[in-house]
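Undergrad: Structure, please.
(chains A and B)
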Amino acid sequence: EPEVTQTPSHQVTQMGQEVILRCVPISNHLYFYWYRQILGQKVEFLVSFYNNEISEKSEIFDDQFSVERPDGSNFTLKIRSTKLEDSAMYFCASSEQTRTFTDTQYFGPGTRLTVL
Amino acid sequence: ILNVEQSPQSLHVQEGDSTNFTCSFPSSNFYALHWYRWETAKSPEALFVMTLNGDEKKKGRISATLNTKEGYSYLYIKGSQPEDSATYLCASPRNTGNQFYFGTGTSLTVIP
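TA: As a prediction, this is how the structure comes out:
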């Protein structure tokens, strides 16, 4: 069964460093998402991406964050200058259809980012 | 921001017991409710998508109901097994469609 994959599973970085989190969405899906979960808190939406541009973003997704689909398969989240509060589990997701409320978003296993 | 809440936060049950937990959400401007099952170190797995008031969905021993007028959904597990141990998440999109608002999750532990 097709699945969303994410690499690395765990990333440790120093404050102020840039990190790139990578995702391979399900191949025929059109919408891609990033969410994060800070330990003990709810899973929070960061950004959605469709047709090679950002479709929607939350207040969390500020200028430090960017997303890219560099080729036909990968979807990346870049954090330019990491802060301690960026430590979280980052989830990538993808969905097949175009903006309907019943579309299932399929999640990857997450990348745990630890900022020291 | 959409406030989706889940209770209880965690639950321990004996193998064979049936259990249920709740997801509550604002009843206004409701579009859909998604249930996920998330085992540690694995991807959250989609269980159900519910849209209509009174909806009831079933997958094996797991079922869910939806009450959009009062703003809640119940997830039931009949005859819990150790492999049901996981965190169960509910999420609801709003009028923009893409963004899911998640509850805090219910962590279920089934004791053999």
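Undergrad: what does chain A put close to chain B?
TA: A:3-4, A:31, A:33, A:35, A:41-45, A:48, A:55-56, A:58, A:91, A:99-102, A:104-110 (Cβ under 8 Å from any Cβ of the partner chain). For every residue, glycine as well, the C-beta is placed using N, CA and C.
Undergrad: Try it again at 6 Å.
TA: By Cβ under 6 Å from any Cβ of the partner chain, the residues of chain A that approach chain B are A:42-43, A:45, A:48, A:55-56, A:99, A:101-102, A:104, A:107-109.
Undergrad: Need the pLDDT of residue A:98.
TA: Listed pLDDT for residue A:98 reads 63.
Undergrad: typo on my end, residue A:20
TA: Per-residue pLDDT puts residue A:20 at 97.
Undergrad: Other residues contacting the helix or strand in which it is found?
TA: For residue A:20, the host element (DSSP states H and E) is strand A:19-24. Outside strand A:19-24, the residues that touch it by Cβ atoms under 6 Å, 6 or more residues apart in numbering or on different chains are A:5-7, A:11, A:13, A:73-79, A:82, A:90, A:92, A:108, A:111.
Undergrad: mind listing what it pairs with, with the direction of each?
TA: Looking at strand A:19-24 with DSSP bridges, its partner strands are strand A:5-7 (antiparallel), strand A:75-79 (antiparallel).
Undergrad: Buried residues of that strand, list them for me.
TA: Within strand A:19-24, the residues that qualify as buried are A:19, A:21, A:22, A:23, A:24, counting by 16 or more other Cβ atoms under 10 Å in any protein chain shown.
Undergrad: Which single one of these is nearest to chain B?
TA: Chain B has its nearest neighbour among these in residue A:23, at 11.3 Å by Cβ to the nearest Cβ.
Undergrad: what's the burial count for the closest residue to that closest one other than its chain neighbours?
TA: Nearest non-adjacent residue to residue A:23, counting by Cβ to Cβ, 6 or more residues apart in numbering or on different chains: residue A:92, 3.3 Å away. Around residue A:92 there are 28 other residues, counting by other Cβ atoms under 10 Å in any protein chain shown.
Undergrad: coming back round to it: convert the C-alpha atoms of the strand holding residue A:20 to PDB, please.
TA: Output of strand A:19-24 as PDB, limited to C-alpha atoms (Å, rounded to 0.1, in the frame of the first residue of the first chain):
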ATOM      1  CA  VAL A  19      17.500  22.300   8.700                       C
ATOM      2  CA  ILE A  20      15.700  20.600   5.800                       C
ATOM      3  CA  LEU A  21      13.100  18.000   6.500                       C
ATOM      4  CA  ARG A  22      12.200  15.700   3.600                       C
ATOM      5  CA  CYS A  23       9.100  13.900   2.600                       C
ATOM      6  CA  VAL A  24       8.000  11.700  -0.300                       C
END
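Undergrad: going on from that strand, what's the next piece of helix or strand?
TA: Later in the chain than strand A:19-24, the nearest helix or strand by DSSP H and E is strand A:31-37.
Undergrad: Does anything pack onto whichever helix or strand comes after that following strand? Which helices or strands?
TA: Proceeding N to C from strand A:31-37, the next assigned helix or strand is strand A:43-50, under DSSP H and E. Applying 3 or more Cβ pairs under 6 Å, 6 or more residues apart in numbering or on different chains; DSSP states H and E, one finds that strand A:43-50 contacts strand A:31-37, strand A:53-57.
Undergrad: Which secondary structure element of chain A has the lowest mean pLDDT?
TA: Taking mean pLDDT, DSSP states H and E as the measure, the helix or strand of chain A with the lowest value is strand A:53-57, at a mean of 91.
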